[in-house]
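Asks: Sequence first, then the predicted structure, then my questions.
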Amino acid sequence: MPRDPARVSRILSRAMGAPAHIPHTDRRAALLAEAGACGAASVLVFGFGSALGAGTRSHGALRYLSGWDGHESLSLLVLSPTGSRLLVGSPFMMPLAARLPADLTVIDARPPDWHRAVQDMALPGPVATVGFDEMPSALHARLAPLADGPSLDAQAAGLRLRKDAAEIAAHRAAARLCDDLFARLGPELARRASAADIQVELEAHARRGGADYCRTWLTIRPQADYCRYWPAETASFPEPGDQVLLGIALTLEGHWGHGIRMGAIGPLAPDHARLHGLVEDMMAAALRALRPGQPLAGVEAAMEQTLRASGIMDAHPGLRRFRNGHGLGHSYEEPILTDAFPQHFDTSGTAAAAAPEVTIAPGMLLEIHPNLFIPGVGGAALGEMMLVTENGFDSLLTFPRSPVAWA
């Protein structure tokens, strides 16, 4: 559906109220109120489980509204004036679903049968949707004819723009776990195990620390070239002089924690120190622009201006990089906020949708991570979790941003 700027503006305006701890029942009621404002009476909310990690946004909306994580399974939340029902897609998840609060009726139903279950509910219409853009096509073909109302993806995202006190506490805890993993990287490098083995140990430590999910990327190369995630690309062993870049993305009770740090085995090479200095300058520019009442687009613009002014893009036309930042919340790339940061790594030529005009406000949570990789030279990246406050921002990570010289 094409973006309606006036509609998005209204959603953003409503989201500017002061955040407070909101129970899931109140969140669902708020979404039903949004549906009513659009002429709908019921809502179908589709979501993947957390096993896809950063690969899904629909899980974030489902988790925000219900607290439920289907992990490797699909789920459908049905909201209507007569109550809230959760269709659980896997029988193996039913014992866990039985622990959900009684205000959410749990129904054991396989996805191919969901359309019949929804028909039996005789929902008052029109029936709106959330998350249907991620729904598998065979499932969509059965459910879409029952959903004759509008998409409420933008409204659901608007409800999540500003974090309440409980959400902020959870994100702080997730940040502390990221800090712990950064601190453990040095001892892991000292073992001189492969990068793949180090990732296994770090991710296992995160799970032991309470993380629902943890995915790292660990690039250990003479010249860092890109974010290396998978065993087939992380088989190398640390050697003196190697660059080391570690990215962490994890969830704690469904709330994302994320950060990036860098250094080297031994002293940082002069070229790599210059690259680190540039991403540090980009970070500083972003933080100067990150102020309540200012446009969120100004954060991206400040980083881009710093990068262009350095002349490095002209000197190295092969330079590659990913997003300078994104929103964080129950989704790794929280909707609306993430739209302000184009994905620079994408070279497909696909035109990006116009980002909504977002004004920075207290309670917003952002991941700011300027980065760059130059073939044959090296790479640099830094990532910070930034919570917007009444007077500016609060960095939730405490591990130093300065490059580390690991022995």
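Replies: Everything's here; your move. Residues are numbered from 1 along each chain as shown.
Asks: Just the helices from the chain, written as ranges.
Replies: Under the criterion DSSP state H, the chain contains helices at 5-14, 24-37, 58-66, 94-97, 114-121, 137-143, 153-159, 165-190, 195-208, 270-289, 297-309, 312-315.
Asks: Spatially nearest residue to the residue most central in space within the chain (excluding sequence neighbours)?
Replies: Note on the chain: the residue nearest the mean C-alpha position is Y332, at 1.1 Å, using CA atoms, centre = their mean. Spatially, and ignoring its direct neighbours in sequence, Y332 is nearest to A54 (3.9 Å; CB to CB, 6 or more residues apart in numbering). The way it works is simple: take the backbone N, C-alpha and C, and place the C-beta from them, glycine included.
Asks: give the contact list for that neighbour.
Replies: Residues near A54 by CB atoms under 8 Å, 6 or more residues apart in numbering: 215, 249, 332-333.
Asks: Also C227?
Replies: C227 makes contact with 217, 219, 245, 247, 322, according to CB under 8 Å, 6+ apart.
Asks: try 7 Å
Replies: Each residue near C227 by CB atoms under 7 Å, 6 or more residues apart in numbering is listed here: 217, 219, 247.
Asks: Between those residues, identify the one with the most neighbours.
Replies: T219 (26 neighbours; other CB atoms under 10 Å).
Asks: Would you mind confirming that that one makes contact with Y229?
Replies: No - using CB atoms under 7 Å, T219 is not in contact with Y229; the gap is 9.5 Å.
Asks: And stretch 222-238, end to end?
Replies: End-to-end span of stretch 222-238 (CA to CA, to the nearest Å): 9 Å.
Asks: buried ones in it?
Replies: Using 16 or more other CB atoms under 10 Å as the test for burial, stretch 222-238 gives 222-229, 233-234, 236, 238.
Asks: and these, which two are the farthest apart?
Replies: P222 and Y229 (19.3 Å; CB to CB).
Asks: do you know which of the helices of the chain lies nearest T389?
Replies: Nearest of the helices of the chain (CB to CB): helix 165-190, 10.0 Å.
Asks: quick check, distance from the closest one to the centre of its chain.
Replies: Computed by CA atoms, centre = their mean, to the nearest Å, the separation of helix 165-190 from the middle of its chain amounts to 16 Å.
Asks: tell me the angle that helix makes with helix 195-208.
Replies: Counting by axes from the mean of the first three to the mean of the last three CA atoms, to 10 degrees, helix 165-190 lies at 140 degrees to helix 195-208.
Asks: got the angle for helix 165-190 vs helix 58-66?
Replies: Counting by the same axes, to 10 degrees, helix 165-190 lies at 140 degrees to helix 58-66.
Asks: mind listing what's buried in helix 165-190?
Replies: Neighbour counts over helix 165-190 (16+ other CB under 10 Å) mark 167-168, 170-179, 181-182, 185, 188-189 as buried.
Asks: which helices and strands sit right next to it?
Replies: helix 195-208, strand 243-252, strand 255-265, strand 384-388 (3 or more CB pairs under 7 Å, 6 or more residues apart in numbering; DSSP states H and E).
Asks: what's the angle between it and strand 384-388?
Replies: Orientation check (the same axes, to 10 degrees): helix 165-190 against strand 384-388 gives 160 degrees.
Asks: Okay, the nearest residue to S75 once chain neighbours are set aside and Y213: tell me how far apart.
Replies: Spatial nearest neighbour of S75, excluding adjacent residues (CB to CB, 6+ apart): G47 at 5.3 Å. As judged by CB to CB, to the nearest Å, G47 and Y213 stand 14 Å apart.
Asks: Same check on R99?
Replies: For R99, the distance to Y213 - CB to CB - is 19 Å.
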